[in-house]
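# quick check, what structure comes out for this input:
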Amino acid sequence: MTDNISTNAEDGLKGASTDVASFAASSGMVKKVQGFLHKHPTSVPLIVLLLGITVFAFGVGGKFFAPFNLSLILQQVTIIGVLAIAQTLIILTAGIDLSVGAMMVLSAVVMGRLSVVLGLPPELSFLAGLLCGTLCGFINGMFVAMLRLPPFIVTLGTWSMFGAMVLYVSRSETIRSQDVAAAAPMLQWLGTRFPIGGGAVLTAGSVLMIAIAAFVWFVLTQTAFGRHIYATGDDPEAVRLAGINSKKTLIAVYSIAGFICAIAGWVVIGRIGAVSPLAGANANLDAITAVVIGGTSLFGGRGSIVGSLIGALIVGTFRNGLALWGVEVLWQEFAVGGLIILAVTIDQWIRRISA
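Down below sits the predicted model:
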């Protein structure tokens, strides 16, 4: 009897040890996966993009992979892609800018009104538009850095203020594409199309988006200023102890973001041909969507420009694929909302296990 009890106890201990070892192995695997995702934040959106392309390739057929359709997706995400670059810089500092869309439209309206309505030289009007966007970003940065106000509240307020300025400057009037072409054709230049074969068409705006992304990527990864941006969002106290002026960094980031938004305003004019105060009504939310889906953490300090561009492509790919599939716009927006929740959930999971 005693021997049987001893044998059963030993078997129980061996089974428990096996279970513990199995649990430890699975936990170790989870840690490895989490570590890889934390080290390579663009891997998740890239996987999602490839899965989406695969699903639509089988569900829609050859129409999705038609050269013209693929180039159309790139054209459709150009504006959001440029705004996403600006938004990424801000979110990396653990901030957020709800006014990027309003800054974009205000800059476009300034360019159009000065050149077409007031008759100023297009080059001067263009520079005034760039200055307008930069100044708007500088105002946001001053409120956030110097007064230590929450970025969400600041940009929520300036979103309304800049939106009101759009209506004031534009007088709620749209400048027709014919008038823009006659007075300031350079403002429409980014809409220039270049056939690249097979029916695919590339626009100058898309090329500019890629160029801006490459430059900002270089700044973030290869310069001290880029490291300061990441550090400001990751650990502000460590930045202070290291002697880095986080206030100047924040002001610079918001100002640069405003400048990029002004360029997005130029892209909008090239895209639609006209100057409309109603253009880009939901651009700010779409830009945030692209950045979040692209793997940039809303808590700051982690993310990349490449991921944000992939996020913009994910949104464009899903909307395009679902449209070709015959899905109503209502459910297209539903799917995009689900992607946002999924992206934030994955980000929270990565941060929780990393801690």
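
# got a list of what E173 touches?
E173 makes contact with P277, according to CB atoms under 8 Å, 6 or more residues apart in numbering. Every C-beta, even on glycine, is put in place using the N, C-alpha and C of the backbone.

# begin at 320, not 1, for the rest of this chat.
That works, and once the first residue is 320, the last one we named lands at E492.

# assign it to helix, strand or coil.
Under DSSP: H, G, I helix; E, B strand; the rest coil, the three-state class of E492 is coil.

# if I look at it, how far off is S595?
E492 sits 9 Å away from S595, going by CB to CB, to the nearest Å.

# next: A376.
From A376 across to S595, the span is 36 Å (CB to CB).

# these two: which is more packed in?
With other CB atoms under 10 Å as the criterion, A376 and S595 differ in neighbour count, and S595 comes out ahead with 22 against 13.

# secondary structure element holding K382?
Here K382, judged by DSSP states H and E, is contained in no helix and no strand.

# equivalent analysis for the one 10 residues further on, please.
Following DSSP H and E, one finds I392 within helix 386-395.

# which residues touch the one residue sitting closest to the centre of the chain?
The residue lying closest to the centre of the chain (CA atoms, centre = their mean) is A403, at 2.7 Å. Shown in contact with A403 (CB under 8 Å, 6+ apart): 606, 609-610, 613, 627-628, 630-631.

# D605 now?
Contacts for D605 (CB under 8 Å, 6+ apart) come out as 399, 402, 634.

# secondary structure class for the second one?
In other words, L402. Three-state assignment for L402 (three-state DSSP): helix.

# wait, doesn't it sit right on G584?
No - with contact defined as CB atoms under 8 Å, L402 does not reach G584; the gap is 9.9 Å.

# overlap of the contact sets of the two?
Listed contacts common to L402 and G584 are M423; contacts here mean CB under 8 Å, 6+ apart.

# from what I see, P386 and G516 are in contact.
Yes - taking CB under 8 Å as the definition, P386 is a contact partner of G516 at 7.2 Å.

# comparing the two, which residue is more hemmed in?
Set side by side, P386 and G516 show more neighbours around P386, with 14 against 7, by other CB under 10 Å.

# what is the neighbour count of G438?
Applying other CB under 10 Å, we find 10 residues neighbouring G438.

# centre of the chain versus the helix holding I392, how much separation?
Averaging C-alpha positions (CA atoms, centre = their mean, to the nearest Å) puts helix 386-395 19 Å from its chain's average.

# and what of stretch 567-582?
15 Å.

# tell me which helix or strand the nearest residue to L402 once chain neighbours are set aside sits in.
Spatial nearest neighbour of L402, chain neighbours left out: A606 (3.8 Å); criterion: CB to CB, 6 or more residues apart in numbering. Secondary structure assignment for A606, by DSSP H and E: helix 602-612.

# buried sites along that helix?
For helix 602-612, the neighbour count (16 or more other CB atoms under 10 Å) marks 602-603, 605-612 as buried.

# for the residues you listed, which one is nearest M461?
Within the set of the buried residues of helix 602-612, N603 lies nearest M461; the separation is 19.9 Å, counting by CB to CB.

# gap between the closest one and I579?
In terms of CB to CB, N603 sits 13 Å off from I579.

# tell me, what's touching those two both at once?
Joint contacts of N603 and I579 (CB under 8 Å, 6+ apart) are L402.

# coming back round to it: reformat the buried residues of helix 602-612 as CSV; add distance to I392.
Shown next, in CSV, are the buried residues of helix 602-612 (distance: CB to CB, whole Å):
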residue, distance to I392
A602, 17
N603, 21
D605, 14
A606, 17
I607, 20
T608, 16
A609, 13
V610, 18
V611, 19
I612, 15
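
# out of those residues, which comes closest to T568?
Out of the buried residues of helix 602-612, the member with the shortest distance to T568 (by CB to CB) is V610, at 18.9 Å.

# where's that closest one relative to I410, distance?
6 Å.

# hang on, isn't V463 packed against S574?
No - the criterion here is CB under 8 Å, and V463 misses it with S574 at 11.3 Å.

# circling back: out of the contacts of D605, who's the most crowded?
The most neighbours of any of the contacts of D605, using other CB under 10 Å, belong to L402, which has 34 neighbours.

# ok, now how distant is that one from N603?
7 Å.
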